[in-house]
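In: sequence plus predicted model, see below.
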Amino acid sequence: MVNENNEQVTELRAFQAKWLVPVITPPIENGVIVLNGDKIQEVGNRSLLAQYDLAPTDLGEVIIFPGLINCHTHLEQSVPTSLPQDFVQYQRQILQNRFNDNLEQQANAARSNLQEAVRFGTVALADFSQEGASYNALLESSVFARLFFEVVGFKSSNADAIMRHFVEKTRDAVGERRLTKHLAPSSVWGLSTNLLREISLNERHIAIHMNCSEHEEEFISSGRGFIKQLLMAQSDYDYSWQVPACSPVEYFFNSHFYAKHNILVHMLTTTPDEIDFIRDFGVKVNICLCPRAAERLSAARPPVMLFMEKGFNLCLGTEGKSLVSELDLRQEMRRCVDNFGVSPENALKFATLNGAYAIGFHKEVGSLEPGKTSRCLVLECPASTSVDPYEAIVFSPQAPRWLI
């Protein structure tokens, strides 16, 4: 904190709780967190109070833990009249919305959805946007964010014009480190080879929907099926396109469409051979699970345990209002435990520290550590003599509140 004479002023405050869950280290029972302005000064046991000569605010039977990180959402999406039941319905709905929604509607939806996400405990996120209508809402908020412009365009002849349009969109005069703009290929089947390559050459951060449905694999391997019909209906099919005749994963990596930091979203139909292919390829890959959206998009389930066994960094996203009723990341955590057999401890790690590494804000958020943001969460402990803080965070019916 800086005073009116531009001098650094220490503003230490201490809070005591039944449990502190730093994520980076084991939980601390009867722990203390010391804040210095908007940053964490230290985390530990009650001995910190004597060290800093502080009288703590005793919050009682609560758990303090890091804010949540939503690694994939679409803030601009409005609630549809009905949620789609599969990949085909979803793509048709997205196509209809792309033509019907205007920027003002998208901006209003983004502001409302962002407020909701923050209310559910989101401290950082990666947002997929059509034209950047969510930017002002993100700029006015306190969240850390990567704003990905979702690029589409399958015809090679349109690639240069599309690229110029979005490069202009990503120019940022504000220079806010907390909020950065990037280009993102919507999917390997929604862009021409030229566009995919240009994005990979221009970007350090790439997020892309991958292996969402068997329709994707059918199109990339054979050039046929629903996706071809969808592109033709948009007058965006390129008859000169050479069918890769391989899996979407192989097409993406063998064509060098990746960047330094990559988030592959969904990965529902991924096979063990593809997992080994990605691991052995040697490129940094994060995998973003969106469990509730996955239930709607495909009958397939992501091979979560195999991803973990092979050492991938797994994070969580909610997707947008076209697929889920609210942007509550704890619902994704619960499904990781109930549907995929993940431990509550790992589910929390997916939603915090792993997410921070995935979107590149690991120095600011993701754990309770000195120097990271003081915007952390407080949750009432269940009325029980024995409490597993991880299980309580995931399954408590109560909503968390912000410590600050």
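Out: Perfect, I can see it now.
In: how about the helices in the stretch 201-350 of the chain?
Out: Under the criterion DSSP state H, counting those that start in this stretch, the stretch 201-350 of the chain carries helices at the ranges 214-222, 226-233, 248-254, 272-281, 291-297, 304-309, 329-340, 344-351.
In: of all these, which one comes closest to residue 192?
Out: Nearest of the helices of the stretch 201-350 of the chain to residue 192, taken as C-beta to C-beta: helix 226-233 at 10.7 Å. (Each C-beta comes from the backbone N, C-alpha and C, glycine too.)
In: by how many degrees do that closest one and helix 214-222 diverge?
Out: Interaxial angle, helix 226-233 versus helix 214-222 (axes from the mean of the first three to the mean of the last three C-alpha atoms, to 10 degrees): 80 degrees.
In: report the central residue of the protein.
Out: Centroid check for the chain by C-alpha atoms, centre = their mean gives residue 71 as the closest residue, at 0.6 Å.
In: the host helix or strand of that residue: how far from the chain's middle?
Out: Using DSSP states H and E, residue 71 maps to strand 68-73. Per C-alpha atoms, centre = their mean, to the nearest Å, the displacement of strand 68-73 from the mean C-alpha position of its chain is 3 Å.
In: what comes into contact with the next helix or strand after that strand?
Out: Counting by DSSP H and E, the next helix or strand C-terminal to strand 68-73 is helix 87-100. The contact list for helix 87-100, computed with C-beta atoms under 8 Å, 6 or more residues apart in numbering, reads 77-78, 80, 84, 130, 212-213, 215, 226-227, 230, 233-234, 296-298, 322-323.
In: now with 7 Å, please.
Out: Residues from elsewhere that reach helix 87-100 (C-beta atoms under 7 Å, 6 or more residues apart in numbering): 80, 84, 130, 212-213, 215, 226, 230, 234, 296-298, 322-323.
In: now, which of these sits nearest residue 58?
Out: residue 323 (41.6 Å).
In: touching, the residue nearest to the centre of the chain and residue 361? I think so.
Out: No: taking C-beta atoms under 7 Å as the contact criterion, residue 71 and residue 361 are not neighbours in contact, 10.4 Å apart.
In: just to revisit the earlier point, other SSEs contacting the strand holding residue 71?
Out: On a contact count with 3 or more C-beta pairs under 7 Å, 6 or more residues apart in numbering; DSSP states H and E, strand 68-73 meets strand 122-129, strand 313-316, helix 353-359.
In: quick one, it and strand 122-129 angle?
Out: Taking the same axes, to 10 degrees, one finds that strand 68-73 is oriented at 10 degrees with respect to strand 122-129.
In: any idea how far the closest residue to residue 399 other than its chain neighbours lies from residue 379?
Out: Using C-beta to C-beta, 6 or more residues apart in numbering and skipping the chain neighbours, the partner closest in space to residue 399 is residue 120 (6.8 Å). Per C-beta to C-beta, to the nearest Å, residue 120 is found 12 Å from residue 379.
In: what do you get for residue 364?
Out: Residue 364 is 22 Å from residue 379, by C-beta to C-beta.
In: please apply the same query to residue 62.
Out: Going from residue 62 to residue 379 by C-beta to C-beta gives 6 Å.
In: how long is stretch 266-275 end to end?
Out: 13 Å (C-alpha to C-alpha, to the nearest Å).
In: buried ones in it?
Out: Buried residues in stretch 266-275, counted by 16 or more other C-beta atoms under 10 Å: 266-270, 274-275.
In: equivalent analysis for stretch 234-247, please.
Out: Of the residues in stretch 234-247, 234, 237-238, 244, 247 count as buried by neighbour count, 16+ other C-beta under 10 Å.
In: for stretch 320-327, same thing?
Out: Buried residues in stretch 320-327 (16+ other C-beta under 10 Å): 320-324, 327.
In: mind checking how far it is from the chain centre?
Out: Computed by C-alpha atoms, centre = their mean, the chain-centroid distance of stretch 320-327 equals 14 Å.
In: residues contacting that stretch, please?
Out: Outside stretch 320-327, the residues within contact range by C-beta under 7 Å, 6+ apart are 70, 73-74, 77-80, 83, 90, 93-94, 113, 116-117, 120, 292-293, 296, 318.
In: relative to residue 139, how far out is the nearest residue to residue 160 once chain neighbours are set aside?
Out: Leaving aside its sequence neighbours, residue 160 sits nearest to residue 194 (C-beta to C-beta, 6+ apart; 7.9 Å). Using C-beta to C-beta, residue 194 is found at 32 Å from residue 139.
In: who has more neighbours out of the two?
Out: More crowded of residue 194 and residue 139, by other C-beta atoms under 10 Å: residue 194, with 18 against 14.
In: dump the host helix or strand of the more buried one to PDB, restricted to CA.
Out: Per DSSP H and E, residue 194 falls inside helix 193-202. The C-alpha trace of helix 193-202 is given here as PDB (Å, rounded to 0.1, in the frame of the first residue of the first chain):
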ATOM      1  CA  THR A 193      -5.200 -24.700 -42.200                       C
ATOM      2  CA  ASN A 194      -3.800 -21.200 -42.900                       C
ATOM      3  CA  LEU A 195      -5.700 -19.700 -40.000                       C
ATOM      4  CA  LEU A 196      -4.700 -22.400 -37.600                       C
ATOM      5  CA  ARG A 197      -1.100 -21.900 -38.600                       C
ATOM      6  CA  GLU A 198      -1.200 -18.100 -38.300                       C
ATOM      7  CA  ILE A 199      -2.700 -18.300 -34.800                       C
ATOM      8  CA  SER A 200       0.000 -20.700 -33.700                       C
ATOM      9  CA  LEU A 201       2.700 -18.400 -35.000                       C
ATOM     10  CA  ASN A 202       1.300 -15.300 -33.300                       C
END
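In: give the buried residues for that helix.
Out: 193-196, 198-200.
In: same for it, what does it pack against?
Out: Helix 193-202 makes packing contacts with helix 159-170, strand 179-185 when contacts are defined by 3+ C-beta pairs under 7 Å, 6+ apart.
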